[in-house]
Each structure stands twice: as structure tokens, then as C-alpha cells.
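Q: Next input, structure requested:
(one chain, ligands or ions: 1)
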Amino acid sequence: MSTIALIVAAGSSVRFGGAVPKTYAMLGGQPVLSHSLQTLGAHPAIDAVRVVIQEDHRQLYAQTLTDRRASPKILEPVLGGGERQESVRLGLESIAPLSPQTVIIHDAARPLLTSTLIERVLAPVQTENSGVSGAIAALPVSDTVKRSTTETTSAGQPLIAKTVDRRNLWRAQTPQAFDFRAIVAAHQMAVNDVHTDDAAIAEASGLDVALVPGEMENLKITNAEDLARAEMFLSAQRGDIRVGNGFDTHRFESGDHVTLCGVSIPHDKGLQGHSDADAALHAVTDALLSAIGAGDIGLHFPPTDERWRDEPSETFVAYAAERLREMNGIISNIDVTIICESPKIAPHRENMKNRLAAMTGVDPTRVSVKGTTTERLGFTGRGEGISALATATIRLPYSHSNLADTPRGHQLK
Ligand code: MG
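A: Model prediction:
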């Protein structure tokens, strides 16, 4: 393996407060950790991602993965130590058997890292004869910097001792990229010292580390205000709000069950169709594909193609959701209405909602499923078939490369 990303998520986040540790707090509808996990996992220059977690967070971590459709690049997590430095060292030692050339170390508390930033820190480390063993994202200090005294005013305000020359001062962020062997050795040498980032450990070992421009949006979430600020950045980044709809009908035939929203419901008839005839999921697939301007289900999964015979329709929904994620978009909500006289939908609603949430990678609170009848009127009223209507609201960045309408359903197989 040539490049592995290590995400440090082992902090107990005592400063954050709140019911959930900051790494697992919700941001833009998903846990903070899953943002960097997705960005790093999706980056073509990164071969694998490992997260260093805390023992107490095992379940939260597992939920983060099961709720989203996790990238196959994500390795099993490892447990960290009491301090960040120890957690990083344990993470580094855990990937040593994979012999990476380069490692990117990133704090889960910085969810808004971009692929551009990843490329920026990798470049100096992976350029032949660059003379550096590491590169970190950092921002030049633009404010005037003061050092305070230990004395205070009578009102308890600190006093200025000195104005510090801000020239050549930088604020270090993560990601930080290093030559793997060099940073492991540096960490092992620094076991008894205390450093606040990995570049400091590299410095202590005499390694040369380059500074590359960080990003203001790549903020570190320490408290609730930071989380609100990150939420604001995210909203601005994905301001292109779109709605798509889908409609589908399948005719009844003889059978003993119907499949709707991935849930098998016993019935005195079945539904006719090329796949599993899940009209609800076909409508959802169309709603998602329409919202990203990617045609419809027939374009990506032609009914003439034998590969999709008896295919579970979850495949189609997951495919559409994946195309959306590739465009760096997110699903705001999905609403499904199933139209039939029978079977009754209400007893299965909760189950359908959870299935749909899992296959699209969104929180169940953003999914709604309901049934209705047409008062015995029309074909659904006469019990000739089932129709379904779906609406999806999504958010996209204003600038994205839209290659989503190129069918490539075959790559799923
Ligand atoms: Mg259909």
C-alpha cells in the first residue's frame, strides 16, 4: 500500500459537553466523523483509511459505518490511548504491517477537509527530491498576537505582557502528511515527551516539514459554537437545493407476497416485474436520479438487460445515492407514498422507513413512508396493481462535475 490515512477520533471531548462526543455529534445530517471518513475514503490517492477510536465509542463508531454505505477502503478501527500523541502512535504502529510509503494524519474534529487540501499536503511528501519528510496544512497568522502576563486587572482581565512578532507565525491544522517510516521512528523516539501535533514530533526528530496553505473552513470543532459554524459552512457549500420526483406502477400477478421499500409483505397476489417489482424503490430511484439530472432508472438499469432479472431493488436505490455522493451531494429527505387498496401499508411503515434510510445512508428521521388508497377508483382501486410516488430533496455544491448520467450500473456487479 502506498498511502494510508489515519483519522484520530479517540478524544473524550471533555470541552464539548453535549450528550454525544463531538466526533459523533450530527453535522449536516451525519456524524462529524463520517465527513472526513468519506472525503478521505473517496480520494483516489488514498489506498486505505484507519480510524483510531476510544473503547467506549465502539458502538457509536459501528453506527457511523452501518448508517452510511461505507467505503471498502475503511479498515477495522484500532483503539487509541489516553492522549492524542499516544493514539497516533498506536494508529501508526497498527498500519506498519501494511508498509505504507506515506501516511496522512487527520483529526476527526476537522470534518470539512477537502480533496484539494489532501492533494496539497501529499504533493511535497510524494515529490521526488523535495527534501522534506512531511507537509502540514497551516494558515498564516493575520491578527496581531499578544502574550499575556499572569497578573490580571481588578476585574480579572489578563494584562498584556508583550506583542509577539507575527511574521513567520502559522496556525497548524490537520491533515499532516509524512513519510511513514520517518514519522513512526519520530513518534517512537518521542514517547516520553509531550507534543500537540505530529509536525512537532517530526521537528523534535530533526525532520524537515513543509507548510502548505490550509483552509479557513477546515476548522476544528471544540465546542458547540464551532459545530454551528461548521454547519453554516456546509450549508453554504451545498446551497444548490433540488427536488426530484418519481412514479412507478406494477401490475398484480399470482403470488404470495409483494416487496415494497425492500420489505416483503405476505399477500394473496404478487407483483409482476423484471426485478423484484418494488414499485416504491423504483420511484425513489427515479426521484434521486431526477434530482441530480441523471435520467431515470431505465437508462441505468435497462429492463432488457438480463443481469437485473430478480435483482433486489435496493441495488438501484443504493446506486442512485452513490452517484449523488460522488457529486458531493447529500439527501435532505425522501418521501414515499404507496397507492393501493391492499395490502395495508401502516403496519410496515416503520420497517420500510428504516430499510430505506439504511440503503440511502440517511438518518431515518429524514425518511417518510405512507400508504393511501384511491377510494376504490381506477386501477389501484380495482386491485389491479400498486403505484408508488416518491419525492427526494437533495443538496449539491453549486459547482460539481456532473457525470452522473453516464450509466454504469454494471460496475456494481
Ligand atoms: Mg418499476
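Q: So what touches the one helix or strand residue 379 maps to?
A: Element membership for residue 379 (DSSP states H and E) is helix 378-381. Contact partners of helix 378-381, identified using C-beta atoms under 8 Å, 6 or more residues apart in numbering, comprise 249, 339-341, 373-375, 385-387. (Each C-beta comes from the backbone N, C-alpha and C, glycine too.)
Q: so which of the residues you listed is the most crowded?
A: residue 386 (29 neighbours; other C-beta atoms under 10 Å).
Q: Excluding chain neighbours, give the residue nearest to it in space.
A: Nearest residue to residue 386 in three dimensions, chain neighbours excluded: residue 340, at 4.3 Å (C-beta to C-beta, 6 or more residues apart in numbering).
Q: got it, and residue 75?
A: Nearest non-adjacent residue to residue 75 (C-beta to C-beta, 6+ apart): residue 50, at 4.5 Å.
Q: any idea which element that neighbour lies in?
A: Assigned by DSSP H and E, residue 50 belongs to strand 48-53.
Q: separation between residue 340 and residue 350?
A: Between residue 340 and residue 350 the computed distance is 18 Å (C-beta to C-beta, to the nearest Å).
Q: same thing with residue 357?
A: Taking C-beta to C-beta, one finds residue 357 at 11 Å from residue 350.
Q: Looking at the two now, which is surrounded by more residues?
A: Higher neighbour count among residue 357 and residue 350: residue 357, with 19 against 12, using other C-beta under 10 Å.
Q: that's a helix at the more buried one, yeah?
A: Yes - under DSSP: H, G, I helix; E, B strand; the rest coil, residue 357 sits within a helix.
Q: give the contact list for the closest residue to it other than its chain neighbours.
A: What sits nearest to residue 357 in space, not counting adjacent residues and going by C-beta to C-beta, 6+ apart, is residue 364, at 4.0 Å. Residue 364 makes contacts with 353-354, 357, as judged by C-beta under 8 Å, 6+ apart.
Q: Local confidence estimate at residue 364?
A: Here the pLDDT value assigned to residue 364 is 91.
Q: about what we covered before: contact partners of the strand holding residue 50?
A: So strand 48-53 is contacted by 1, 4-10, 33, 37, 40-41, 61, 71, 73-80, 87-88, 90-91, 94-95, 98, 100, 108 (C-beta under 8 Å, 6+ apart).
Q: List buried residues within those.
A: Among the contacts of strand 48-53, those buried by neighbour count (16 or more other C-beta atoms under 10 Å) are 4-10, 33, 37, 40-41, 61, 71, 73-75, 77-78, 80, 87-88, 90-91, 94-95, 100, 108.
Q: roughly how far out does stretch 78-96 sit from the chain middle?
A: The chain centre lies 22 Å from the centre of stretch 78-96; the measure is C-alpha atoms, centre = their mean, to the nearest Å.
Q: swap in stretch 21-38?
A: Centre to centre, stretch against its chain (C-alpha atoms, centre = their mean), the figure for stretch 21-38 is 7 Å.
Q: Show the end-to-end separation of that stretch, please.
A: Stretch 21-38 has an end-to-end distance of 19 Å (C-alpha to C-alpha, to the nearest Å).
Q: and if you look at stretch 126-137?
A: End-to-end span of stretch 126-137 (C-alpha to C-alpha): 15 Å.
Q: Give me the contact list for it.
A: By C-beta under 8 Å, 6+ apart, stretch 126-137 touches 3, 101-102, 117, 120-125, 172-179, 182-183, 197-199, 202, 207-215, 218.
Q: Which members of those residues occur in helices, if any?
A: The helices, defined by DSSP state H, take in 117, 120-125, 182-183, 198-199, 202 from the contacts of stretch 126-137.
Q: which among those residues end up buried?
A: The buried subset of the ones in helices among the contacts of stretch 126-137 - by 16+ other C-beta under 10 Å - is 117, 120-122, 124-125, 182-183, 198-199, 202.
Q: Columns pLDDT and distance to the ion on top of those, output as TSV?
A: Below are those laid out as TSV (pLDDT from 0 to 100; distance: C-beta to the ion, whole Å):
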residue	pLDDT	distance to the ion
117	96	42
120	97	45
121	98	46
122	97	44
124	96	52
125	96	50
182	97	56
183	98	53
198	96	52
199	96	55
202	96	57
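Q: ok now do residue 190, which residues does it touch?
A: Neighbour list for residue 190: 85, 201, 204-205 [criterion: C-beta under 8 Å, 6+ apart].
Q: Give me the buried subset of the residues you listed.
A: The neighbour count (16+ other C-beta under 10 Å) marks 85, 201, 205 as buried among the contacts of residue 190.
Q: Flag the shaky bits of the stretch 251-400 of the chain, pLDDT-wise.
A: Low-confidence segments of the stretch 251-400 of the chain (pLDDT under 70): 400.
Q: For the stretch 151-300 of the chain, which segments count as strands?
A: 158-164, 170-179, 209-213, 240-254, 257-260, 263-266, 269-271 (DSSP state E, counting those that start in this stretch).
Q: Just tell me which of those strands ends up closest to residue 191.
A: strand 170-179 (17.0 Å; C-beta to C-beta).
Q: Show me what counts as buried in that closest one.
A: 172-179.
Q: and of the residues you listed, the nearest to the ion?
A: residue 175 (43.8 Å; C-beta to the ion).
Q: OK, contacts around the closest one?
A: Under the criterion of C-beta under 8 Å, 6+ apart, the neighbours of residue 175 are 5, 104-106, 113, 117-118, 121, 136-137.
Q: Would you convert these into JSON lines that also reports distance to residue 54?
A: Shown next, in JSON lines, are these (distance: C-beta to C-beta, whole Å):
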{"residue": "5", "distance to residue 54": "19"}
{"residue": "104", "distance to residue 54": "21"}
{"residue": "105", "distance to residue 54": "17"}
{"residue": "106", "distance to residue 54": "17"}
{"residue": "113", "distance to residue 54": "21"}
{"residue": "117", "distance to residue 54": "26"}
{"residue": "118", "distance to residue 54": "25"}
{"residue": "121", "distance to residue 54": "26"}
{"residue": "136", "distance to residue 54": "24"}
{"residue": "137", "distance to residue 54": "25"}
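Q: In strands, which of those residues appear?
A: 5, 104-106, 136-137 (DSSP state E).
Q: can I get the residues you listed in JSON lines with distance to the ion and pLDDT?
A: Below are these laid out as JSON lines (distance: C-beta to the ion, whole Å; pLDDT from 0 to 100):
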{"residue": "5", "distance to the ion": "40", "pLDDT": "98"}
{"residue": "104", "distance to the ion": "43", "pLDDT": "98"}
{"residue": "105", "distance to the ion": "47", "pLDDT": "98"}
{"residue": "106", "distance to the ion": "42", "pLDDT": "98"}
{"residue": "136", "distance to the ion": "51", "pLDDT": "98"}
{"residue": "137", "distance to the ion": "47", "pLDDT": "97"}
